[in-house]
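# Quick one: sequence and predicted model below, then my questions.
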Amino acid sequence: MQRVVVYCRVSTKEELQQHSLKAQQEYYEKWVKENKDYILVGMYVDIASGLKKKGRVQFDKMLKECKRKRVDLIVTKSISRFARNTLDFLKTIRKLKRIGVDIYFENEKIWLSKERSEMYMAIMAAIAQEESLAKSNNIKWGLSRGFASGKSKLANRVCYGYKTDKAGNLVVDNETAENVRLIFALYLQGYSLSKIAKELKSKGIKSPTGKEEWTSAAIDKLLTNEKYIGHVMLQKTYIPDVLKQVQKKNDGELPRYLYENNHIGIIEAEVFEALQAERKRRCNITVDSKGKITRKTTRYSGGNELSGKIKCDECGRNFRRITTHSGEIVWRCAGRVEKGGNCNSETVKQSEIGKLLKEKFGEAMELTEMYRRVKEIIVRNKHLDIVV
């Protein structure tokens with residue numbers, strides 16, 4: 001009695017393909033049961049592109065079962081369903097052949113155990129790959145034409161602060177839009193990305209993915225999204241190699257398409273531009289005409305008064321504020337922290353610095369801190385009638 005598994009795959013979740021998937025499952029279940037020498041021990045189904053290795057979770061799970069000697073035969077519709085990357089296809093069938101697992105490709109009427117010519121199977125896999133590449137290129141061409149025509153449906157893709165109406169158009173989601181305005185306001189008030197993340201958590205505002213914690217990357221992405229002033233930029237990224245399926249930022253390699261006034265904005269254009277200028281000012285990385293990246297010796301600290309003020313007496317570089325794994329704040333020389341740095345200066349604890357400052361400045365320092373806190377309260381609560 002041979003232990004049989006069935007592998008099915010479709011590329012998208014479209015209704016027609018979902019019907020095709022269900023039909024495949026029912027057909028092969030019946031096909032196995034009709035053979036008295038077979039017993040069905042698994043059905044593996046993926047909804048993923050044939051070119052993308054990522055997303056084929058069930059395929060990988062099936063191969064693991066084969067390695068554990070729990071499978072004798074894999075049944076699948078065609079070589080194109082099994083793999084459209086010729087190299088991966090050959091690697092996989094060779095592995096399965098070595099461990100004694102047979103494969104039946106129904107459309108091609110090919111049995112792995114009975115097919116003597118690997119060359120023939122490689123040719124069939126190469127044809128499937130070329131068909132997939134052609135399909136991918138056609139999709140890319142169609143997307144590009146849609147971008148250029150100004151009628152691309154991708155222009156109304158939902159982002160945080162928006163939702164779609166019955167017609168599929170972007171409209172403001174009042175609840176989350178307020179959070180967007182808050183994030184922009186906090187940044188312009190001098191908050192760093194990490195400090196904004198902490199503020200949002202303290203207010204119980206969940207991230208776009210519903211998590212308690214916001215990441216700095218998510219906030220930075222939000223702050224640079226032109227959708228918040230009513231515009232849409234399409235083709236920001238592209239895939240240079242269809243087989244590798246790795247997205248790359250479009251830095252001018254392909255045309256980008258700007259749809260102005262596509263929907264109602266949440267942020268005023270002047271505020272958005274002011275924020276981009278502030279981001280540029282804070283950035284501690286510069287890129288010259290040759291593409292060389294240079295990191296400045298100072299980094300924006302979101303209001304920490306000591307940033308850029310502690311110098312190393314060994315190499316002259318600035319000390320950087322660092323939070324350790326235990327949550328303790330310490331300061332280390334940039335010449336020691338950076339890769340390749342050779343400075344041997346000591347680490348200084350924030351608590352030690354605070355103690356020294358308090359001993360030296362005493363009451364004056366406490367008054368300065370009080371003034372800073374009152375000023376912060378006024379900025380956050382503009383309606384308060386307080387004069388400092």
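Nice, thanks for sending it over.

# Distance of K36 relative to T76?
Computed as C-beta to C-beta, to the nearest Å, the K36 to T76 distance reads 21 Å. Quick note: C-beta positions are derived from backbone N, CA and C, even for glycine.

# Which residue of those two possesses the greater neighbour count?
A side-by-side neighbour count of K36 and T76, using other C-beta atoms under 10 Å, places T76 first with 24 against 7.

# Okay, helices next: where are they in the stretch 101-250 of the chain?
Under the criterion DSSP state H, counting those that start in this stretch, helices of the stretch 101-250 of the chain are mapped to 118-149, 174-188, 193-202, 216-223.

# Least confident of those helices, on average?
Among those, helix 118-149 has the lowest mean pLDDT, at a mean of 60.

# any idea how far D88 is from F82?
From D88 to F82 the distance is 10 Å (C-beta to C-beta).

# who's in contact with E226?
Applying C-beta atoms under 8 Å, 6 or more residues apart in numbering, we find E226 in contact with V232, M233, L258, F272.

# circling back to that earlier point, in terms of neighbours, single out the busier of D88 and F82.
When neighbours are counted by other C-beta under 10 Å, D88 and F82 differ, and F82 comes out ahead with 21 against 16.

# Would you confirm that that one contacts F89?
Yes - using C-beta atoms under 8 Å, F82 is in contact with F89, at 6.9 Å.

# Averaged pLDDT, stretch 249-262. What do you get?
Average pLDDT, stretch 249-262: 75.

# quick one, what contacts the residue nearest to L193 when sequence neighbours are not counted?
Excluding the flanking residues, the one nearest L193 by C-beta to C-beta, 6 or more residues apart in numbering is S216, at 3.8 Å. Neighbouring residues of S216 by C-beta under 8 Å, 6+ apart: L193, S194, A197.

# and of those residues, the nearest to S351?
For the contacts of S216, the minimum distance to S351 (C-beta to C-beta) is 20.2 Å, reached by S194.

# residues near that closest one, how many?
S194 has 15 nearby residues by other C-beta under 10 Å.

# Ok, the one 10 residues further on next?
Counted with other C-beta under 10 Å, the neighbours of G204 add up to 7.

# could you pull out the strands for the stretch 251-388 of the chain?
257-259, 285-287, 293-295, 319-323, 329-333, 348-349 (DSSP state E, counting those that start in this stretch).

# Let's have the ones you listed in CSV, adding mean neighbour count and distance to R157.
Below are the strands of the stretch 251-388 of the chain laid out as CSV (neighbours: other C-beta atoms under 10 Å; distance: least, C-beta to C-beta, whole Å):
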stretch, mean neighbour count, distance to R157
strand 257-259, 17, 12
strand 285-287, 10, 29
strand 293-295, 9, 31
strand 319-323, 17, 36
strand 329-333, 19, 40
strand 348-349, 14, 47
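
# what residues are up against N344?
E314, R336.

# how near is it to I267?
47 Å.

# what's the answer for K69, then?
From K69 to I267 the distance is 60 Å (C-beta to C-beta).

# same thing with R94?
56 Å.

# More neighbours: which of those two?
Ranked by neighbour count (other C-beta under 10 Å), R94 and I267 place I267 first, with 22 against 11.

# Hmm, G230 and the more buried one touching each other?
No - applying C-beta under 8 Å as the test, I267 and G230 come out as separate, 9.1 Å apart.

# Check which helices and strands the stretch of helix or strand L40 belongs to sits against.
Here L40 sits within strand 38-47, counting by DSSP states H and E. Applying 3 or more C-beta pairs under 8 Å, 6 or more residues apart in numbering; DSSP states H and E, one finds that strand 38-47 makes contact with strand 2-10, helix 15-33, helix 57-67.

# which stretch among the ones you listed comes nearest K355?
Closest among the helices and strands packed on strand 38-47, using C-beta to C-beta: helix 57-67, at 54.6 Å.

# and the angle for the closest one with strand 38-47?
Put simply, helix 57-67 runs at 150 degrees to strand 38-47, going by axes from the mean of the first three to the mean of the last three C-alpha atoms, to 10 degrees.

# quick one: buried residues of the helix or strand following helix 57-67?
Next in sequence after helix 57-67, counting helices and strands by DSSP H and E, comes strand 73-76. For strand 73-76, the neighbour count (16 or more other C-beta atoms under 10 Å) marks L73, I74, V75, T76 as buried.

# and those, which two are the farthest apart?
The largest separation in the buried residues of strand 73-76, counting by C-beta to C-beta, is between L73 and T76 at 10.5 Å.

# any common contacting residues for those two?
I103, Y104.

# Would you quantify the distance from the residue lying closest to Q2 once chain neighbours are set aside to E314?
Nearest residue to Q2 in three dimensions, chain neighbours excluded: D72, at 4.3 Å (C-beta to C-beta, 6+ apart). Distance, D72 to E314, using C-beta to C-beta: 69 Å.

# neighbour count winner among those two?
D72 (17 against 14).

# The more buried one is in contact with D37, isn't it?
No - using C-beta under 8 Å as the test, D72 is too far from D37 to be in contact (10.1 Å).

# between the two, what contacts are shared?
With C-beta under 8 Å, 6+ apart as the test, D72 and D37 both reach Q2.

# Going by residue numbers, what spans are helices in the stretch 251-388 of the chain?
With DSSP H, counting those that start in this stretch as the criterion, the stretch 251-388 of the chain has helices spanning 269-282, 334-337, 350-361, 363-380.

# Confidence-wise, which of those is weakest overall?
helix 363-380 (a mean of 51).

# neighbours of V4, just the number please.
Around V4 there are 24 residues (other C-beta under 10 Å).

# wait, what's in contact with it?
V32, Y38, I39, L40, V41, V71, D72, L73, I74, V75.

# quick one: it and I79, what's the gap?
Taken as C-beta to C-beta, the span from V4 to I79 is 18 Å.
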